[in-house]
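Visitor: Structure, please.
(4 chains)
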Number of protein chains: 4
Amino acid sequence: MTIDPRIQSSFDRQSMMATLGATLLETEDGHAVITAPILPGSRQQQGFAHAALTFAIGDSAAGYAALTLIPATQEVVTAEIKINLLAPAKGDRLIARGRVIKPGRRLIVVTSDVYAETDGTERHVACLTGTMIPVNL
Amino acid sequence: MTIDPRIQSSFDRQSMMATLGATLLETEDGHAVITAPILPGSRQQQGFAHAALTFAIGDSAAGYAALTLIPATQEVVTAEIKINLLAPAKGDRLIARGRVIKPGRRLIVVTSDVYAETDGTERHVACLTGTMIPVNL
Amino acid sequence: MTIDPRIQSSFDRQSMMATLGATLLETEDGHAVITAPILPGSRQQQGFAHAALTFAIGDSAAGYAALTLIPATQEVVTAEIKINLLAPAKGDRLIARGRVIKPGRRLIVVTSDVYAETDGTERHVACLTGTMIPVNL
Amino acid sequence: MTIDPRIQSSFDRQSMMATLGATLLETEDGHAVITAPILPGSRQQQGFAHAALTFAIGDSAAGYAALTLIPATQEVVTAEIKINLLAPAKGDRLIARGRVIKPGRRLIVVTSDVYAETDGTERHVACLTGTMIPVNL
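Guide: Numbers count the residues shown, from 1 in each chain, chains lettered A, B, ... in the order given. Below is the predicted model of the structure:
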């Protein structure tokens, strides 16, 4: 598993990732993987992971998947993203796997799947599809 | 401005809201308003509010707007929600105003607009549209 | 009610609009209105308007709303759009009202509401939110 | 390639499918495939397939994928669906492949990919993700 230093550096500048305890696990061409524990402070009213945690790592994994494919003089911002929540996000930690569906100079269409892991078993809890736009640094 | 105690109680059980410093400002029939400061720990790589903060209060305002319309024996969960990000979320705090577009016994269609406030001036930074489903407590 | 000749010309070149019997009713800055009868050939399995008809005029009204705001050297294409279906589309005809939420040089965020009219009474049957991108002619 | 007679019967009752020249190609557990030529009457202003055609078969393939998994006493309706348009839909015909991401008693989350075929070569032109709800006949 390799991590592009440019992406690690961007990830480290997102203070929200530290607040949520998220870690960048892997980046490769058109893919990125992020994980986060379900911290005591990241929960919804039933004690499961809050949708904002699922969204945070799902959106970021999709965005970093896009970032692997663009020049070092650019970064990406999310134009829009939709999340379908499939099951309660209960477990030890969440894992988001993002990938690029369609690269482009103006728009990059991305998707991400988020899983909740309990004792090593993964359950699919959300899928996201969105549009990233490259912007000059 | 009034707040339904049932909704305040649900809000207080969401530890993510406390982590993000969010406050429930108002609830009325089919509407809910939530605000959050842009804390040092809630930022993306450029120092603006992270999309996950915008999402967190936008989704919650929409969900609580739905909750105002259903029996006390039920709560709501987000089935899906899409966010369009309109402008960088920079400023002193974010304000999310959620409302019900179409109530229903099985599905409640909701929308939410999120604004960034700087020195009392609001800028529209995101709109969300989603589907909430009532579930028995 | 006025109609921009540029938009009427674009509308007339969309053969799908003629197939569906759609008519451009009105365009003004950031707004466009399209109507279509529920033809015998535009139905789903229960005899109501097919979601593709609702989508067709909802998407086009949103796109033409965007077109009112860009230079004559450009047209727009839909990058993405989401439709929430609120009620069965039964009645005499559908009416779609599109408007721009946020104009931009690279992206134009739009929304559209579709109504089914029966004996002069309108029922809200769908809402759409999407992203249009300007492209040079 | 097999086709469930129940799904063929539902498909045949959708007059929009005949208007667009669409054909049901295949159904199996959690999957459905629909194709349609790009008829002279199904075009947008540049002569490519209209987004409403892409939507029509993408949404229907997703819906019929869901229908393969529910009791014969029910059908499905689309609650919401989002389409990302990836490339101009030019070619001889479109092919939509729908599949179920997550079945459920109340909600069925589905996805669909649409391809434009030219001389036997397929190009990915759209992806859709949506929510179907089972309703009693």
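Visitor: Taking the centroid of chain A, which residue is nearest it?
Guide: For chain A, the residue nearest the mean C-alpha position is A:A61 (2.6 Å; CA atoms, centre = their mean).
Visitor: where does it fall, helix, sheet strand or coil?
Guide: helix (DSSP: H, G, I helix; E, B strand; the rest coil).
Visitor: what's A:A87 in contact with, if anything?
Guide: Listed by CB atoms under 8 Å, 6 or more residues apart in numbering or on different chains, the contact partners of A:A87 are A:A116, A:R123, A:H124, A:V125, D:K102. Where you see a C-beta, it was placed from the backbone N, CA and C, and this is true even at glycine.
Visitor: that older thread, please tell me how far the residue nearest to the centre of chain A sits from chain C.
Guide: 19 Å (CB to the nearest CB, to the nearest Å).
Visitor: And for A:E117?
Guide: 30 Å.
Visitor: Which residues does that residue form beta bridges with?
Guide: A:R93, A:E122 (DSSP bridges).
Visitor: what about it, how many neighbours?
Guide: Applying other CB atoms under 10 Å in any protein chain shown, we find 17 other residues in the vicinity of A:E117.
Visitor: what do you get for A:G41?
Guide: By other CB under 10 Å, neighbour count at A:G41 equals 16.
Visitor: Quick check: closest non-adjacent residue to it.
Guide: Nearest residue to A:G41, sequence neighbours excluded (CB to CB, 6 or more residues apart in numbering or on different chains): B:T19, at 3.9 Å.
Visitor: Now for the one you found: which residues touch it?
Guide: Contact analysis of B:T19 by CB under 8 Å, 6+ apart lists A:T19, A:G41, A:S42.
Visitor: backbone phi and psi for A:L86, please?
Guide: Torsion angles at A:L86 (phi, psi; degrees, to the nearest 10) stand at phi -100, psi -30.
Visitor: for it, what are its contacts?
Guide: Here A:L86 is in contact with A:H124, A:V125, A:A126, A:C127, D:I101, D:K102, D:V109 (criterion: CB under 8 Å, 6+ apart).
Visitor: In strands only, show me the residues you listed.
Guide: Among these, the members falling in strands (DSSP state E) are A:H124, A:V125, A:A126, A:C127, D:I101, D:K102, D:V109.
Visitor: thinking again about what came up before, pull the contacting residues for the residue nearest to the centre of chain A.
Guide: Taking CB under 8 Å, 6+ apart, one finds A:A32, A:V33, A:I34, A:A96, A:R97, A:G98, A:S112 in contact with A:A61.
Visitor: Out of these, which comes closest to A:F48?
Guide: Nearest to A:F48 out of these is A:A96 (CB to CB; 16.0 Å).
Visitor: From what I see, that closest one and A:I57 are in contact.
Guide: Yes: contact criterion CB atoms under 8 Å: A:A96 and A:I57 qualify, at 4.1 Å.
Visitor: Near chain D, which residues of chain A are found?
Guide: Applying CB under 8 Å from any CB of the partner chain, we find that chain A lies next to chain D at A:K82, A:N84, A:L86, A:A87, A:I101, A:K102, A:V109, A:T111, A:H124, A:C127, A:T129, A:T131.
Visitor: Using JSON lines, lay out those together with pLDDT.
Guide: Shown next, in JSON lines, are the residues of chain A next to chain D (pLDDT from 0 to 100):
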{"residue": "A:K82", "pLDDT": "98"}
{"residue": "A:N84", "pLDDT": "98"}
{"residue": "A:L86", "pLDDT": "98"}
{"residue": "A:A87", "pLDDT": "97"}
{"residue": "A:I101", "pLDDT": "98"}
{"residue": "A:K102", "pLDDT": "98"}
{"residue": "A:V109", "pLDDT": "98"}
{"residue": "A:T111", "pLDDT": "98"}
{"residue": "A:H124", "pLDDT": "98"}
{"residue": "A:C127", "pLDDT": "98"}
{"residue": "A:T129", "pLDDT": "98"}
{"residue": "A:T131", "pLDDT": "98"}
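Visitor: Please, a ChimeraX command that selects the buried ones among those?
Guide: Buried members of the residues of chain A next to chain D, defined by 16 or more other CB atoms under 10 Å in any protein chain shown, are picked up in ChimeraX with:
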select /A:82,84,86,101,102,109,111,127,129,131
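Visitor: out of the residues of chain A next to chain D, what pair is the most spread apart?
Guide: A:A87 and A:K102 (27.5 Å).
Visitor: hang on, the earlier thing: turn the contacts of A:L86 into JSON lines, columns for distance to chain B.
Guide: Shown next, in JSON lines, are those (distance: CB to the nearest CB, whole Å):
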{"residue": "A:H124", "distance to chain B": "15"}
{"residue": "A:V125", "distance to chain B": "12"}
{"residue": "A:A126", "distance to chain B": "9"}
{"residue": "A:C127", "distance to chain B": "10"}
{"residue": "D:I101", "distance to chain B": "12"}
{"residue": "D:K102", "distance to chain B": "11"}
{"residue": "D:V109", "distance to chain B": "8"}
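Visitor: and A:T2, which of the three is it?
Guide: coil.
Visitor: what's the answer for A:A36, then?
Guide: Quick answer, by three-state DSSP: A:A36 is strand.
Visitor: Could you give the number of residues near A:G120?
Guide: When neighbours are counted by other CB under 10 Å, A:G120 registers 6.
Visitor: any idea of the pLDDT on it?
Guide: pLDDT for A:G120: 92.
Visitor: still on that earlier bit, ok, of the contacts of A:A87, which one's closest to A:G91?
Guide: A:A116 (3.8 Å).
Visitor: Who are the contact partners of that closest one?
Guide: When contacts are counted by CB under 8 Å, 6+ apart, A:A116 touches A:I38, A:A49, A:A87, A:A89, A:K90, A:G91, A:R93, A:L94, A:E122, A:R123, A:V125.
Visitor: Just the buried residues of the residues you listed.
Guide: A:I38, A:A49, A:A89, A:G91, A:R93, A:L94, A:V125.
Visitor: gap between the fifth one and chain B?
Guide: Same thing as A:R93. Distance from A:R93 to chain B, counting by CB to the nearest CB: 16 Å.
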